[in-house]
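Colleague: with the sequence up front, the predicted model follows.
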Amino acid sequence: MKLLKVKINNYKLCEENFNISLTPLANKSKEDKEYELSEIDENLYIYNTLGIVGKNASGKTTSIEVLLIAYDILSNFKIKNTLEYLNNSNNLKIEFFFYHDGYLYFYKTDLNYQKENDYVLFQNEELYKTKYYKSYASELYNLDKYEKININKELPNDTSILYYILKEIKTRCFSYNYKIENIIILDEIIELYNSYNPIILNDIIELLDSNIKNIKMENKNKFIITYKKNKKEEKNKKELYNILSSGTIKGLYLYLDVLISLKHGVDLVIDEIEIHFHKTLVENIINLYKDKRINKKNATLIFSTHYCELLDLFNRYDNIYITTNEEKIKITNAYTYNIRNELSKSKRFYDNTFNTAVNYESLMKVKKHLLK
Amino acid sequence: MKYLIMCEGTNEKALIELLLKHNKLIFSLDDLINLEIFHARQFVPYIISQTNSYYGKIKVIRIGDKQTDLLRIPQELAHKIKKEDIIKCRTSFELEILLIINEGLYKEFLKQKSKISAKEFAKKYIKYNKKYYDGTSQFWLNYYSKRIDRLVENIIECKRLTKIKAKEIYLADLLKKQ
């Protein structure tokens, strides 16, 4: 299952028909097919990476939330992980296209938060479907090709009819959320690594903290740390948590998410990818999604960032979205801007091609206070 | 449009800052990129990064004496700074000529000019607060900070004594018309 396009109305400050597409708008070069795009069916391409940039308070996080709501419905058939975004929503309308097992689907629903039950109600749901043919590639979103599926819903009203279509799939999408990292699940994280490949845990720890050679988990509250010079220490979970730097712990969480995403071909959504990490690490993660030898199952990495140099890793423009906020949050595909060729993407960002530059006058106002 | 002021030396920078502080120049602090006068002969990374936040046109004024080296515009600034927007502002002679003029020693200096530079001449003959000129910015600030009008007069006089070259401006041209 792959999400192709999402559109939302009545969500926070988003403009009408706020939409994000994960399928290419521009021509696809041979290099792009190799590094930037994944072919999920014959001639049906999606982005390997999608970046959302914009200045502070321009709506990057809101855009990420919109995607997460769609993924939440596709993954859990209810509003589960994104309930906090929707607990004031009224008459929110979301619709999205997705591809699954040879078919294209179009789904739309109204979402209404029920305060007394603390859940979100699915109303006026509609689902359409068409078999995918190569010739449809250029008109994926043409609803004339789709046929409505009539479903006799026998599900609770906080559950989506997508359950009937997608119930067999296990892992669909998840988001890396640096706020949830805590001591409680540190042992679970290490256990998960071990279930994948115990060696990779040590390599990732070494990458994040060059003083530590490896960590071995004896049981849920007993860990053996081996340092670079072969000195060993036994630590309980709390002690281990205190020894590891905040960056190392966040890195362990993030790399685990990346591993799972790449292994199962599920999309990973990260808000502010640059937080806590060295630029090289972030570049490395982005590039893992572009390497088809590693990203065998067509996972997509979706991230927002202030770190515009990351955009220089992209060979295309259409997988970059720019957010702006002037009363309403607007999201625009960078491909639609009139762009000169001689500057790098990051330079264009700072150069205000996308109206994303920090306001010079505001910067100088603050500086003037400091000059006094 | 903003000005990017690049001074070749720290003394030029100190004098321009002094004139700016006393509102004697054709530009104000707000007209300057990053509210700052830079001490540089070329675009160093610090200056380049400071121009990132401003996306309008930039006029560069280089302040120094000879300025024989070409100012190289980095690629990332090429669309903000055109060659014709780089202005050479000459301090006419060496900057010390201002002190010499102020002390009424210009004629004396001309007699010795072939043997001694203006800087060495100033070090030999010019004193302020019982201290000989030592080439530091602090001396310049001590010397002129309480008599800005003398500095302005000396700059104007200096231009009068200079053979004017085309395509160049002089310190006096940066002064606000009184």
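Modeller: Noted; the coordinates are in hand. Residues are numbered from 1 along each chain as shown, chains lettered A, B, ... in the order given.
Colleague: how about A:Glu65: what's its closest non-neighbour residue?
Modeller: Residue nearest to A:Glu65 in three dimensions, not counting chain neighbours: A:Tyr85, with 4.8 Å by CB to CB, 6 or more residues apart in numbering or on different chains. For glycine as for every other residue, the C-beta is placed from the backbone atoms N, C-alpha and C.
Colleague: flag the helix or strand of the chain with the lowest per-element mean pLDDT.
Modeller: You didn't pick a chain, so chain A it is. Least confident helix or strand of chain A, by mean pLDDT, DSSP states H and E, is strand A:173-176 with a mean of 65.
Colleague: correction: the question concerned chain B.
Modeller: Per mean pLDDT, DSSP H and E, bottom of the list for chain B is helix B:45-51, a mean of 81.
Colleague: mind listing what's buried along that helix?
Modeller: Using 16 or more other CB atoms under 10 Å in any protein chain shown as the test for burial, helix B:45-51 gives B:47, B:51.
Colleague: I'd like the next helix or strand past it.
Modeller: As assigned by DSSP states H and E, the chain's next helix or strand after helix B:45-51 is strand B:58-64.
Colleague: now the angle between strand B:58-64 and the helix or strand following that next one, please.
Modeller: Next helix or strand after strand B:58-64 toward the C-terminus (DSSP H and E): strand B:86-90. Inter-element angle recorded for strand B:86-90 and strand B:58-64: 20 degrees (by axes from the mean of the first three to the mean of the last three CA atoms, to 10 degrees).
Colleague: if you count contacts, what does the helix or strand following strand B:86-90 end up packed against?
Modeller: Following strand B:86-90 in sequence order, the next helix or strand is helix B:97-102 (DSSP H and E). Here helix B:97-102 touches helix B:106-112, helix B:118-125, helix B:148-160, going by 3 or more CB pairs under 8 Å, 6 or more residues apart in numbering or on different chains; DSSP states H and E.
Colleague: out of these, nearest to A:Tyr337?
Modeller: Proximity to A:Tyr337 (CB to CB) singles out helix B:148-160 among the helices and strands packed on helix B:97-102, at 47.2 Å.
Colleague: give the buried residues for the closest one.
Modeller: B:151-152, B:154-155, B:157-159.
Colleague: what does stretch B:58-70 give?
Modeller: Buried, per 16+ other CB under 10 Å, within stretch B:58-70: B:58-65, B:67.
Colleague: try stretch B:103-117
Modeller: For stretch B:103-117, by 16+ other CB under 10 Å, it's B:103, B:105, B:109.
Colleague: ok, which pair from the buried residues of stretch B:58-70 is furthest apart?
Modeller: B:Ile58 and B:Asp65 (23.4 Å).
Colleague: list phi and psi for the residue in chain B that chain A sits nearest to.
Modeller: Residue nearest to chain A within chain B: B:Tyr55 (4.1 Å; CB to the nearest CB). Backbone torsions for B:Tyr55, taken as degrees, to the nearest 10, come to phi -120, psi 20.
Colleague: once you drop chain neighbours, what's closest to it?
Modeller: Spatial nearest neighbour of B:Tyr55, chain neighbours left out: A:Asn352 (4.1 Å); criterion: CB to CB, 6+ apart.
Colleague: tell me, how many neighbours does that neighbour end up with?
Modeller: For A:Asn352, the tally of surrounding residues (other CB atoms under 10 Å in any protein chain shown) stands at 17.
Colleague: can you tell me which residues in chain B are near chain A?
Modeller: Contacts of chain B with chain A, taken as CB under 8 Å from any CB of the partner chain, map to B:30, B:34-35, B:52-56, B:75-76, B:79.
Colleague: which helix or which strand is home to the residue nearest in space to the middle of chain A?
Modeller: Nearest to the mean C-alpha position of chain A, by CA atoms, centre = their mean, lies A:Val269 at 1.5 Å. Here A:Val269 sits within strand A:267-270, counting by DSSP H and E.
Colleague: try A:Tyr99
Modeller: With DSSP H and E as the test, A:Tyr99 turns up in strand A:92-100.
Colleague: pull out the buried positions in the helix or strand that comes right after that strand.
Modeller: As assigned by DSSP H and E, the chain's next helix or strand after strand A:92-100 is strand A:103-114. Residues of strand A:103-114 classed as buried: A:104-107, A:109-113 (neighbour count, 16+ other CB under 10 Å).
Colleague: send me the helix or strand following strand A:103-114 as PDB with only the CA atoms.
Modeller: As assigned by DSSP H and E, the chain's next helix or strand after strand A:103-114 is strand A:119-131. Once non-C-alpha atoms are left out, strand A:119-131 reads as follows in PDB (Å, rounded to 0.1, in the frame of the first residue of the first chain):
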ATOM      1  CA  TYR A 119     -12.700   9.800  19.700                       C
ATOM      2  CA  VAL A 120     -13.100  10.900  16.100                       C
ATOM      3  CA  LEU A 121     -16.100  10.000  14.100                       C
ATOM      4  CA  PHE A 122     -16.000   8.900  10.500                       C
ATOM      5  CA  GLN A 123     -18.900  10.200   8.500                       C
ATOM      6  CA  ASN A 124     -19.900  10.300   4.800                       C
ATOM      7  CA  GLU A 125     -17.200   7.900   3.900                       C
ATOM      8  CA  GLU A 126     -16.800   7.000   0.200                       C
ATOM      9  CA  LEU A 127     -14.400   4.700  -1.500                       C
ATOM     10  CA  TYR A 128     -13.600   4.300  -5.200                       C
ATOM     11  CA  LYS A 129     -11.400   1.900  -7.000                       C
ATOM     12  CA  THR A 130      -9.900   1.100 -10.400                       C
ATOM     13  CA  LYS A 131      -7.500  -1.500 -11.700                       C
END
